[in-house]
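K.L.:
Pasting the sequence and the predicted model now:
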Amino acid sequence: MKRYLALLLSVVMILSLGITAYADNDKDKDVLRVAANAEASTLDPSQTTDASSQQIFNNIFETLVYEDENQNIVGKLAESYEQVDDTTYVFHLRQGIMFTNGEELKASDVVFTYTRNADSPKVASYFRDVESVTATGDYEVEIKLTQPSAPFLTGLTFASNAIVNEKAITEAGDNAGTQPVGTGPYKLQSWNKGVKLTLERNEEYWGEKPVFRTVEVVAVPESTNRTIELESGNVDIALEIPETDHNRVRETEGLQLLEQPARATTLLGMNCSKAPLDDVRVRQAISHALDIPTIVKAIKGDAVQVAYSEISSQMKYYKEETDSHVYDVEKAKELLKEAGYEDGFEISVLCDEKKENLDIATIVQQLLQQVGIKVKINTMEFATMCSEAYAGNSELFIVGWGSGTMDPDTVLFSCFHSSNAVEGGNNWARFVNPECDALLEKSRVVFDDAERGEVYAEIQDLLAEECPWINIWERKYFVGIGGNVESMVMDPNSCYSYYKVK
């Protein structure tokens with residue numbers, strides 16, 4: 001174990017340096033400057049579920065309902081709602097709410113949004129049980145379901161199900177991802193891709209207006225550079241401060257380090273539709289060949305915990321899985337021999353430029369070499385990586401995956417139901433398993449809490465055996481603040497509300 005730890009630590013010490021050019025000596029206290037770890041891929045909510053995009057459009061758009069601090073579903077753009085019967089919901093919209101193009105929010109916009117989302121592979125699973133969405137008045141929407149659905153309401157709180165303006169989306173066409181029109185506290189001022197994205201305060205916002213007139217967001221993939229930007233005063237907020245810099249931030253006068261356990265994990269995924277990964281024995285062999293606790297220790301130290309499930313321990317119905325992922329090189333070799341790959345094979349792993357993901361890829365490459373598997377690392381910009389994975393072009397892939405809600409349906413149905421194993425779908429693993437499908441469908445119609453927990457335990461056990469993902473660590477968000485910022489509300493989904501920053 002010590003020998004492997006030394007190996008992994010030596011791999012992790014390889015750093016890529018280079019300071020981002022983001023200095024702005026004109027310090028305007030009405031401007032909030034943010035260093036993000038990745039750039040948004042699109043600002044069209046229905047076309048992505050990635051956190052880097054949601055961090056932006058969470059400030060531009062709003063959902064019909066949201067999950068409050070007590071995990072109750074309460075109205076947002078909907079002033080109120082009621083469940084008429086087991087399959088019928090009626091939502092009453094607030095009147096006088098304006099989109100930033102001057103259009104008033106109407107029931108027709110809600111119908112348009114949800115109908116459009118039902119056709120989007122990224123978010124269609126949230127509307128799988130929806131039979132119809134009807135405007136029963138200018139400010140009233142009726143949604144009928146095909147069957148009672150336990151996760152339905154919770155799914156409407158997901159950031160990618162935010163309400164868009166029908167006229168704006170129709171006029172923008174293919175440019176909807178760069179021309180967002182919402183009802184939120186901010187609107188897009190400019191987006192110079194690869195340089196900076198700027199939000200400006202929506203002066204017509206119906207709710208409490210933000211403190212900062214302008215928010216400037218720049219992507220800084222190299223983690224230590226985000227810390228340097230914060231220390232130098234070039235930014236007020238730096239997202240995802242690396243573990244090596246935690247004490248540095250804590251000990252610097254004027255800076256604070258905030259932390260939040262996340263509803264997310266970092267994982268190594270496998271495209272089950274491609275040989276040799278279509279053989280469960282190969283996937284299990286890869287799992288046994290990886291010393292996950294030591295990888296976590298080498299890269300993250302004691303800052304996070306090993307992930308034992310596809311869902312975070314911060315979510316409902318979490319079950320810790322341990323038996324199926326024990327580090328055992330000889331077992332890995334035995335499984336490869338059974339599958340006909342005694343001499344190993346070559347495979348590629350896809351990841352973005354985030355340093356910790358590169359570290360994982362490098363360590364995976366080293367460890368799999370011990371069982372004869374030669375790994376090529378394909379690194380690319382985050383949005384491009386997502387496009388490749390959505391298209392099914394990956395073999396192995398490294399990514400962080402989170403849930404926008406406490407309900408595991410957000411991750412498990414979306415990522416492992418066969419209906420989402422399509423181009424553009426969130427089932428990047430292209431995992432197709434009839435037994436898993438049946439359990440996932442059952443989980444949606446069971447309302448008794450204990451019984452639903454039992455179904456999700458079965459699902460997690462099945463996934464542990466089938467290995468479409470190898471879970472690595474449970475994520476925890478560390479954010480550095482300073483400069484113009486006194487306080488910031490953390491978010492377990494990393495959909496930061498810059499309008500709430502004080």
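P.N.:
Yes, it's here. Bear in mind the structure is a predicted one, so any value in this text is a computation, not a measurement.
K.L.:
State the number of residues packed around residue 159.
P.N.:
Neighbourhood size, residue 159 [other CB atoms under 10 Å]: 23. Every residue, glycine included, has its C-beta placed from N, CA and C.
K.L.:
Just confirm it contacts residue 493, I think it does.
P.N.:
Yes: Residue 159 lies in contact with residue 493 (CB atoms under 8 Å); the separation is 7.4 Å.
K.L.:
End to end on stretch 397-416, go ahead and measure it.
P.N.:
15 Å (CA to CA, to the nearest Å).
K.L.:
what comes up buried for stretch 406-422?
P.N.:
406-421 (16 or more other CB atoms under 10 Å).
K.L.:
Likewise for stretch 299-306?
P.N.:
Across stretch 299-306, burial judged by 16+ other CB under 10 Å covers 299, 300, 304, 305, 306.
K.L.:
intersection of neighbour lists for residue 159 and residue 493?
P.N.:
54, 404 (CB atoms under 8 Å, 6 or more residues apart in numbering).
K.L.:
How far away from the center of its chain is the biggest helix by length in the chain?
P.N.:
For the chain, the longest helix by residue count, based on DSSP state H, is helix 449-466. How far helix 449-466 lies from its chain's middle: 22 Å, per CA atoms, centre = their mean, to the nearest Å.
K.L.:
swap in stretch 463-480?
P.N.:
12 Å.
K.L.:
what about the helices in the stretch 1-150 of the chain?
P.N.:
2-12, 51-57, 107-118 (DSSP state H, counting those that start in this stretch).
K.L.:
who touches the shortest one?
P.N.:
Meaning helix 51-57. 36-43, 45, 48, 159-160, 162, 180, 182, 197, 199, 217, 219, 239, 264, 382, 400, 402, 404, 493-496.
K.L.:
how many other residues sit next to residue 232?
P.N.:
Neighbourhood size, residue 232 [other CB under 10 Å]: 12.
K.L.:
do the same with the one 10 residues further on
P.N.:
By other CB under 10 Å, the residues close to residue 242 number 20.
K.L.:
give the contact list for it.
P.N.:
223, 224, 227, 355, 356, 478.
K.L.:
wait, the fifth one sits on residue 222?
P.N.:
Okay, so that is residue 356. No: Residue 356 is not in contact with residue 222 according to CB under 8 Å; the separation is 11.1 Å.
K.L.:
Residue 206 looks like it's in a strand, true?
P.N.:
No: per DSSP: H, G, I helix; E, B strand; the rest coil, residue 206 lies outside any strand segment and is coil.
K.L.:
what's the nearest residue to it once chain neighbours are set aside in contact with, if anything?
P.N.:
Once flanking residues are discounted, residue 206 sits nearest to residue 97: 4.8 Å by CB to CB, 6 or more residues apart in numbering. For residue 97, the contact set (CB under 8 Å, 6+ apart) comprises 77, 104, 105, 183, 206.
K.L.:
Kindly reformat those residues as JSON lines and extend each row with pLDDT, distance to residue 29 and neighbour count.
P.N.:
Listed next are the contacts of residue 97 as JSON lines, based on pLDDT from 0 to 100; distance: CB to CB, whole Å; neighbours: other CB atoms under 10 Å:
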{"residue": "77", "pLDDT": "98", "distance to residue 29": "31", "neighbour count": "22"}
{"residue": "104", "pLDDT": "98", "distance to residue 29": "34", "neighbour count": "15"}
{"residue": "105", "pLDDT": "98", "distance to residue 29": "32", "neighbour count": "23"}
{"residue": "183", "pLDDT": "98", "distance to residue 29": "27", "neighbour count": "28"}
{"residue": "206", "pLDDT": "97", "distance to residue 29": "26", "neighbour count": "17"}
